[in-house]
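> Quick one: sequence plus predicted model below, questions after.
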Amino acid sequence: MFTGIVEGTGEILSLRKGRDSVGFVVRSRRIARGLRVGDSIAVGGVCLTVTRRTADTFSVLAVEETLAKTTLGRLKPGDLVNLETPLTPTAKLGGHFVLGHVDAVGRVQRVELRRSSCLFWILAPPRYSHHLAPEGSIAVDGISFTIAKVARGSFAVSVIPHTLAVTTMRSIRAGDRVNLEFDILGKLMEQFVKRRRRKRE
């Protein structure tokens, strides 16, 4: 489990494509030195398992289902990805509960520059539009955000200068695709309501 408070970015150093998988080598000395083989780590908002580690890199493997549901298959050497290690029992919960299980891929429609922030408008797949609620939580490429506005299947998040500086949001432009994970509490509530309805029918 994660919080959506990104600890830093890493560079895709290399990748190796298999028949149904892609192995990534990610360079980030600060993150790598705290990892062990078998640890979980969120890469671009996707929970993966560390398969190898050196002094300044770590390796992860994304399999077919993960590649189909996320943007990882679009990565290439030199790209930056957001990184977060798992939540510990004594850590502060600064964002919201993020599982690293991406629900869908969204597309950035436009970026509005404001005096003290940037407003990113993102189009979500129609089947997930009911998860978009003003002031609700959402993870975008693993970053915890509060939804600022909702309009016709799109939502906006307000990004402050600090977040722009320490995450991949600084390089995202209109047309780019991003990983979306909707609030787990909302998804659990949805399942609860559906089960109650089935029992009544």
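Received it, and whenever you're ready, just let me know what you need. Numbering: from 1, shown residues only.
> Sketch out the low-pLDDT regions of the protein for me.
For the chain, the stretches flagged by pLDDT under 70 are 192, 194, 201.
> Tell me how far the longest helix along it lies from the chain's centre.
In the chain, taking DSSP state H as the definition, the longest helix is helix 184-200. Helix 184-200 has its C-alpha centroid displaced from the chain centroid by 24 Å (C-alpha atoms, centre = their mean, to the nearest Å).
> List the buried residues in that helix.
I184, G186, K187 (16 or more other C-beta atoms under 10 Å). Glycine gets a C-beta too; all of them are placed from N, C-alpha and C.
> Tell me the one among the residues you listed nearest to V98.
Using C-beta to C-beta, the shortest approach to V98 within these belongs to I184, at 7.7 Å.
> so who does the closest one touch?
The contact partners of I184, by C-beta atoms under 8 Å, 6 or more residues apart in numbering, come to F97, V98, L99.
> can you put the buried residues of helix 184-200 in TSV and add distance to A156?
Formatted as TSV, those follow (distance: C-beta to C-beta, whole Å):
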residue	distance to A156
I184	21
G186	18
K187	21
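> What subset of the contacts of I184 is buried?
Buried by 16+ other C-beta under 10 Å: F97, V98, out of these.
> any idea which of the contacts of I184 is closest to I12?
V98 (21.2 Å).
> thinking the closest one is in contact with M1, fair?
Yes: with contacts counted by C-beta atoms under 8 Å, V98 reaches M1, the gap being 7.2 Å.
> List the buried residues for stretch 26-45?
Within stretch 26-45, the residues scored as buried using 16+ other C-beta under 10 Å are V26, S28, I31, A32, L35, D39, S40, I41, A42, V43, G44, G45.
> Hmm, T57 and the fourth one touching each other?
Yes: using C-beta under 8 Å, A32 is in contact with T57, at 5.7 Å.
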